[in-house]
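Student: Give the three-dimensional model of this entry:
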Amino acid sequence: MTSLSGQFLQVEKKIRQMAVAKMQQKMDHAAEMTMKAADKSRNYDDVTGNLYKSTAIGTYYNGSLQSIHYAPGPEPTRVTLAAGERYNLEKYYRSSFSFKDSGRRPFKGEYGEGGEYGPNAAWDELVSREHNKGKYDATWQMLLVAGVDYAKFVEVKRGHDVITSLREYLVRYFRSM
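Tutor: All right, here's what the predicted structure looks like:
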């Protein structure tokens with residue numbers, strides 16, 4: 001028979017497990033809501049779809065990755081373009097319009113080495129964060145990323161909102177809880 005203190009420890013452990021599970025549900029819900037908002041807040045046209053599809057949120061508990069939530073929508077049309085490389089398909093990501101019908105030349109990559117696949121770039125970014133646990137890690141964390149290497153270029157140099165409004169959405173979401 002277990003002592004009274006042993007029984008209390010078992011109850012405490014069960015309560016902690018329930019609290020962790022409930023908090024994970026809240027984190028997952030916040031991440032899903034943010035990813036749904038990603039499509040509405042996007043103010044740029046994505047040629048291959050990799051920039052948009054590299055947007056993701058990872059949830060962490062004690063520095064360990066618990067879940068990844070990706071931007072919704074179809075898969076990218078191809079890997080990213082390298083600087084100077086021209087797009088080689090008829091239609092851009094999520095476009096019903098063929099640029100060939102307009103007589104325009106296809107988009108030419110402006111930054112980076114190319115060859116990245118958006119969802120994989122997001123996964124790499126989020127998993128690498130797990131292995132770089134720092135002394136400032138909180139019990140629960142969410143990390144919002146745009147994993148392709150040219151995401152900052154698009155946001156800073158082109159003035160497009162890649163993940164800034166999503167970060168603000170997350171802050172508002174948790175303040176309203």
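Student: Now for the residue most central in space within the chain: which residues touch it?
Tutor: Central residue of the chain (C-alpha atoms, centre = their mean): Ala56, 1.0 Å from the mean position. Taking C-beta atoms under 8 Å, 6 or more residues apart in numbering as the contact definition, Ala56 lies against 35, 68-71, 119, 122-123, 125-126, 144-145, 147. The way it works is simple: take the backbone N, C-alpha and C, and place the C-beta from them, glycine included.
Student: Please narrow those residues to those residing in helices.
Tutor: Taking DSSP state H, the ones among the contacts of Ala56 that sit in helices are 35, 119, 122-123, 125-126.
Student: who wins for neighbours among those?
Tutor: Ala122 (26 neighbours; other C-beta atoms under 10 Å).
Student: Assess the claim that that residue and Thr55 are in contact.
Tutor: Yes. Between Ala122 and Thr55 there is a contact under C-beta atoms under 8 Å: 6.8 Å.
Student: Quick check: the two most widely separated of the ones in helices among the contacts of Ala56?
Tutor: Taking every pair in the ones in helices among the contacts of Ala56 and measuring C-beta to C-beta, the maximum separation is 15.1 Å, between Met35 and Glu125.
Student: Tell me the buried residues in the lowest-mean-pLDDT helix or strand in the chain?
Tutor: The helix or strand of the chain with the lowest confidence, counting by mean pLDDT, DSSP states H and E, is helix 151-156 at a mean of 80. Within helix 151-156, the residues that count as buried by 16 or more other C-beta atoms under 10 Å are 151, 153-155.
Student: do the same with stretch 109-120
Tutor: Within stretch 109-120, judged by 16+ other C-beta under 10 Å, the buried ones are 109, 111-112, 114, 116-120.
Student: Low-confidence regions, this structure specifically.
Tutor: In the predicted model of the chain, residues 1, 131-137 satisfy pLDDT under 70.
Student: need the strands for it, in chain order.
Tutor: Counting by DSSP state E, the chain has these strands, from start to end: 55-61, 64-70, 140-146.
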